[in-house]
Structures are given as C-alpha cells and as structure tokens.
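Visitor: Pasted the sequence and its predicted model underneath.
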Amino acid sequence: MPAFGAVAANQATKRRREEAARKRQEDLHIRSLIKKYDKTHTNGLNRAELAELLKDLNNGVAPTDDEVDWVLKQADREGNQLVSPHEMETALSMWANHQKNKAQVEVVFKKYDTNNSGRLERDQVRNLLTDLNDKNPPSEAELNWVMSQADISQDGTLRKPEIMHAVTAWYTHVEEKALNEPCCVVL
C-alpha cells in the first residue's frame, strides 16, 4: 500500500503545481492588461480605460455606457471607481458571461420592454418572472427581492446587463422554495 500513497501524493503535488502555474499565467495576463490599458498610471483601470479594454475584447465594437457601468460596479469591490489587478478577473469573467448571453437578453428585451425604454420597469420584470414561473406571478416580496439582487445600478429598473442576474436570482429562489415545500403526504 505505500506505493498507492506515494502515487496519490505525487498526483496531488502535480495538481498543485499545475494550478500554481495556471495562476501565475493568469496573473501575468492581468498585469499585461493593466500595463496596456492603464494610461493614467493608477495601477487600475478607470471607466474610460475599462471601456477601451471591453471594446478590444469585443472585436472593436464599443460597449454601451450601461455595459461599462455594470462591469465596473460588479468588479470594483474597493469602491474607488477603478478595476484594480485583483478585481480584473471578476471584470473579465462578467464581460465574457455577458457577451455569451447577450443574444438571449436581446430576446427578453424585445418581448418585455414594451415601451422600448431600454430598461425593464417593475411591472415588466413581474411579467418576465410570471412567464418564467409557468404563469404564476411573483409575490410583491419576491419581486422586491429579485429587484434588490439584480438592480446593480439602483435606479429601480433593470438594464440589459442586469437581466441575467434577475433570471439567476429568480431560478435560485424558485428552486430553494421547491426544496422547502413538502412534496407528498405519507399516510
């Protein structure tokens, strides 16, 4: 059995080394992005610098103001209006997920943004959640909770980047609610 233990230890060591190497590569990539886009030499990206990075990541297509604001608010844990090196991974991840789901969000907006404002108001969010819940409308408390989870801009509406948060929050809530309800009666 000692050979088995040695093999397991070697595999664990190999995994740790691979993870450390991956983390070093990621850190180098982030540092290179900061160096390239940080024109103000703040060791972080301000709103304009972040917009330039997002544009380059989007094949030269400039992000909307809402998209830049959303990524900045999601990533800026320090609240200093900069995306610092340790916040960059969050910014990149948020942007990648947003880009991946952008087509779905456009479909949602086409259906529920009935006044073409570019934002979903509370009643429009209620309609979305009702449809997601097999035509069962959310309670006022549930709607308030979803809005509090998703309304990152805190303007009482949901912008396109915030929709995925609303849908994720709603599905999480519905799943938790189903788990807490009794499923059957034993006689």
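Guide: In hand now; what should we look at?

Visitor: just checking, what's the longest helix in the chain?
Guide: Of all segments of type helix in the chain, defined using DSSP state H, the longest is helix 2-37.

Visitor: how about the residue nearest to the spatial centre of the chain, phi and psi?
Guide: The chain has residue 94 as the residue nearest its centroid, 4.4 Å off, counting by Cα atoms, centre = their mean. Note on residue 94: backbone dihedrals following degrees, to the nearest 10 are phi -60, psi -40.

Visitor: surely it meets residue 73?
Guide: No: with contact defined as Cβ atoms under 8 Å, residue 94 does not count as touching residue 73 (9.6 Å). In short, each C-beta sits where N, CA and C put it, glycine included.

Visitor: In terms of helices and strands, where is the residue lying closest to residue 114 once chain neighbours are set aside?
Guide: Nearest non-adjacent residue to residue 114, counting by Cβ to Cβ, 6 or more residues apart in numbering: residue 124, 6.6 Å away. Using DSSP states H and E, residue 124 falls within helix 122-132.

Visitor: still on that earlier bit, any idea how far the residue nearest to the centre of the chain lies from residue 87?
Guide: 10 Å (Cβ to Cβ, to the nearest Å).

Visitor: Give me the common contacts of these two.
Guide: Here residue 94 and residue 87 have residue 75 as joint contacts, going by Cβ atoms under 8 Å, 6 or more residues apart in numbering.

Visitor: And the helices in this protein?
Guide: In the chain, the helices defined using DSSP H lie at 2-37, 47-57, 65-75, 85-112, 122-132, 140-150, 160-180.

Visitor: possible to save these as TSV with mean pLDDT?
Guide: Listed next are these as TSV, based on pLDDT from 0 to 100:
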stretch	mean pLDDT
helix 2-37	85
helix 47-57	97
helix 65-75	89
helix 85-112	89
helix 122-132	95
helix 140-150	92
helix 160-180	79
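
Visitor: Distance check, the nearest residue to residue 49 once chain neighbours are set aside against residue 26.
Guide: Nearest non-adjacent residue to residue 49, counting by Cβ to Cβ, 6+ apart: residue 37, 4.7 Å away. Residue 37 sits at a distance of 17 Å from residue 26 (criterion: Cβ to Cβ).

Visitor: With neighbour numbers in mind, choose between the two.
Guide: residue 37 (21 against 13; other Cβ atoms under 10 Å).

Visitor: Am I right that the more buried one is in contact with residue 51?
Guide: No: here residue 37 lies out of contact with residue 51, judged by Cβ under 8 Å, at a distance of 9.6 Å.
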